[in-house]
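S.K.: Structure for the following, please:
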Amino acid sequence: MSALASTVVRPALSYELNAFLVEFSIALHKHTMYPSGHPSLEPAAIRVKERALRLLEDRPMLAFGVARHQLIIDGVATDPNQPVLRRLAEALHQHRLGAMSILPGVESSEISGAIHLLAEEVGGGVRPIGLDPSERSEWPHVRLHPLTLERLELVDEEPGTDTDDQLDRHAAQLWIGLANAAMAVEASESDRATVTDPVAVARAIDDYTGAEAYDQVIVGYLLQIAEELKAAHGGDQAPLRRRTARLIDALQPETLQRLLAMGGDIAQRRAFVRGATSGMAIDSVIKIIKAAADASQQTISHGLLRMLSKLATHAEAGRQHARPIADAALREQVEQLLTGWNLADPTPDAYSKTLQHLATSGGSGSTRQTAHESEHDADPLRVVQISLEVGGAGPIVERAIDRAIDAGAIRDLRALISTPPSGSAGIADTIQRKLGGRRAICALLSRDPIDFELIDVLLPSISLDGYAEMLDALIASDSRATRRKLIDRLTRTTLDVSPLITDRLADSRWYVQRNLLLLLERLRRVPAGFSCDWWVQHPDVRVRYQALSLQMNVPAQREAAIRAALEDGEPRIIRLGLVAAHVNCPPALLPLLAALANSPRVSEELRIHAVRALGKSRHRHALEALLGLVHGGTTLLGRPKLAAPSPVVIEALRALTDVWSTQKEANRFLALARRSFVTDLRRAVARA
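M.R.: Here you go, the predicted structure:
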């Protein structure tokens, strides 16, 4: 098969859908971490509800399917390598869910209840939700559709059965997920043969009309099945291919057209048709391409249809050596057809005549003709350059900019607007905006090595979406050097990226949490209501240190942070608290400083730091603590004497000399130090 035909363009989720899923994942993670009733849980559920209601303004239902490592929403499958969404898919799949839907009017209490149930770890007496129907009746606007183990067993046939009906486990999950979503199966047991029968599934899809979200979930599963078939080698997925072919064949033409309409999203439609072309059975490909043409209101010439049908016949029933050639030719022709889909008739006159000749000739010669001669795509950089020269703009120019970005010509685009012609300010601003957007930043970050020099040039124009991509790259990168460079660039922004950072703090990796907390500290900005309490108690000392360092920069949380640091058992964290206590130490913390200064369990260095912090305070408690350190008891005549010379005692005498030399109690010990035979004691009070 040609490289062109094997390429599958994966459409990306919209920002709103991605934000909803990320918010849902964060809320689920918080319900996993915190006990019921924790103050962080209700705001998390409210944010999920607000995201859902915003999406439900223009749709009757918000639904997404669940695969092992991916979610399927609006006909788009999430990236299995995106850690946050992958973790959400795995958590839902662990509960044997095939799909989840949210209806208009949903309340935060329903969201919270569903998430609380999903946060329970399966095992230890906790059953998957997909096996317990009683759990899903209390939320009128949230529905959980099960993918039960019993139905999974339907496709894991006993040894010795017909291999045509056997599927591997991943294919089984996709097929059962499609069947459950198509038949809207609830938790009650249904007929097993009906659940796995492609004809019954097709009949259910035919009968279900009026819900766009339903169609999008169905197409999402079909897209994943097409991907699975495309990746299979030889006959690895022959049973799944046969089942899918029977399903497509059983669907009514108007149903298939309805599914491919998918809300008018041409990118999603093309992705599905390309996936089907690369993996599904030949008969299914022909039927899908016809439905796609109808859904797109496009024309497929009679000659092309006849040629495709003839190629399909050779691919399915031709001679053994001719089958792979016909199969590859058919799929390549469909790919070329999709490339020119924006034409009123994608086959020009000359090409139509050629197709008609191929379709009606009976020869067995070459079945493919080169049709590229009439398709000379303009160089996108040249289009952009001309638009700058003439000061013109519009959809064609914007598409050219996007194509240039996708081709990696970001540096060239930047050079074009470094000295733009007069009268081209509008198009130059458009280019600058796109260079700072998600698409360009994603393209830059996907390269190895990353062009940080170019990123530095673009920093002033990078948008919030662009910074979101940089944060995702920071989280995903395995290189410490790359992470350090990204942190350095992220801290230079003047935009408020703190909500983007806190949204990603649910990641379980310690270095991700440490780096994000470090970013918040360097930016000196946290979202309103944000609390470091969870990370202050983190088991990893590196995360705990960074959380306390950040908390000390939040005025309302400073005292609590210093107290937590002084009470921590880790020396480096105690030192962090002592350094902070040097500046305006709250009086309530003076007893903690005194205890550290007197404690034999901490190092002498930390005790000296504690004495210095006491010396910065003019509170009476600080004086009493310092006097306690230098008091060495009384003589035989009952007079006070100095404690034995030590670095801690000497530092305490210096503090008394600097701050309390006019106090009678302090002056008594200072006088004893001046008369001492120990040189260090006399030097400590020599400044009085």
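
S.K.: and this structure, what are its domains?
M.R.: Here the chain is described, according to automatic domain parsing, as comprising the domains 3-297, 298-365, 582-684.

S.K.: worst average pLDDT in those?
M.R.: For these, mean pLDDT drops lowest on domain 298-365, to a mean of 62.

S.K.: my read: residue 96 touches residue 146, true?
M.R.: Yes: contact criterion Cβ atoms under 8 Å: residue 96 and residue 146 qualify, at 5.9 Å. Heads up, the C-betas are built off the backbone N, CA and C, glycines and all.

S.K.: can you pull out the helices in the stretch 551-688 of the chain?
M.R.: 558-567, 571-581, 590-598, 604-616, 620-630, 647-659, 664-674, 679-684 (DSSP state H, counting those that start in this stretch).

S.K.: Repeat that for the stretch 101-250 of the chain.
M.R.: Using DSSP H, counting those that start in this stretch, helices in the stretch 101-250 of the chain cover 108-118, 149-155, 169-183, 192-196, 198-207, 212-231, 238-250.

S.K.: Of all the ones you listed, which one is nearest residue 389?
M.R.: helix 212-231 (42.1 Å; Cβ to Cβ).

S.K.: CA atoms only for stretch 496-504 - export them in PDB, please.
M.R.: These are the backbone C-alpha positions of stretch 496-504, laid out as PDB (Å, rounded to 0.1, in the frame of the first residue of the first chain):
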ATOM      1  CA  ASP A 496      -1.700  34.300  34.200                       C
ATOM      2  CA  VAL A 497      -0.900  30.600  33.600                       C
ATOM      3  CA  SER A 498      -1.400  29.600  37.200                       C
ATOM      4  CA  PRO A 499      -4.800  27.900  36.600                       C
ATOM      5  CA  LEU A 500      -3.100  25.800  33.800                       C
ATOM      6  CA  ILE A 501      -0.500  24.800  36.300                       C
ATOM      7  CA  THR A 502      -2.800  23.800  39.100                       C
ATOM      8  CA  ASP A 503      -5.000  21.800  36.700                       C
ATOM      9  CA  ARG A 504      -2.000  19.600  36.000                       C
END
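
S.K.: Show me which positions of that stretch end up buried.
M.R.: The neighbour-count check on stretch 496-504 (16 or more other Cβ atoms under 10 Å) flags 497, 498, 500, 501, 502, 503, 504 as buried.

S.K.: The second one: what's it in contact with?
M.R.: If a contact means Cβ atoms under 8 Å, 6 or more residues apart in numbering, then residue 498 has 520, 523, 525, 526, 527, 530 as its contacts.

S.K.: Just among the residues you listed, which is most surrounded?
M.R.: residue 520 (25 neighbours; other Cβ atoms under 10 Å).

S.K.: re the thing from before, now mean neighbour count and distance to residue 457 too, for the helices of the stretch 551-688 of the chain, in TSV please.
M.R.: Converted to TSV, the helices of the stretch 551-688 of the chain look like this (neighbours: other Cβ atoms under 10 Å; distance: least, Cβ to Cβ, whole Å):
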stretch	mean neighbour count	distance to residue 457
helix 558-567	20	38
helix 571-581	20	37
helix 590-598	20	49
helix 604-616	21	44
helix 620-630	20	53
helix 647-659	21	51
helix 664-674	17	61
helix 679-684	16	57
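
S.K.: Redo those helices as TSV? Include distance to residue 484.
M.R.: Shown next, in TSV, are the helices of the stretch 551-688 of the chain (distance: least, Cβ to Cβ, whole Å):
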stretch	distance to residue 484
helix 558-567	25
helix 571-581	20
helix 590-598	34
helix 604-616	29
helix 620-630	40
helix 647-659	37
helix 664-674	49
helix 679-684	43
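
S.K.: All the strands of this protein, in order from the start?
M.R.: 62-66, 71-73, 76-77, 97-102, 142-146, 631-634, 640-642 (DSSP state E).

S.K.: List the pairing partners of the fourth one within its sheet, with orientation.
M.R.: Spelled out, it's strand 97-102. Taking DSSP bridges as the criterion, strand 97-102 forms sheet pairs with strand 62-66 (antiparallel), strand 142-146 (antiparallel).

S.K.: Out of the ones you listed, the one nearest residue 459 is which?
M.R.: Comparing those by Cβ to Cβ, strand 62-66 comes nearest, at 35.3 Å.

S.K.: Next, the angle from that closest one to helix 169-183.
M.R.: 150 degrees (axes from the mean of the first three to the mean of the last three Cα atoms, to 10 degrees).

S.K.: Can you pull up the most central residue in the chain?
M.R.: residue 84 (4.5 Å; Cα atoms, centre = their mean).

S.K.: How about it, nearest residue that isn't a chain neighbour?
M.R.: Distances taken as Cβ to Cβ, 6 or more residues apart in numbering place residue 25 nearest to residue 84, at 5.0 Å, with adjacent residues excluded.

S.K.: Surely residue 251 and residue 204 touch.
M.R.: No: Residue 251 is not in contact with residue 204 according to Cβ under 8 Å; the separation is 10.5 Å.

S.K.: Compare these two (neighbour count), which wins?
M.R.: residue 251 (24 against 17).

S.K.: The more buried one: what's it in contact with?
M.R.: 202, 205, 206, 259.

S.K.: can you check residue 174 too?
M.R.: By Cβ under 8 Å, 6+ apart, the residues touching residue 174 are 67, 221, 224, 225, 228, 240.
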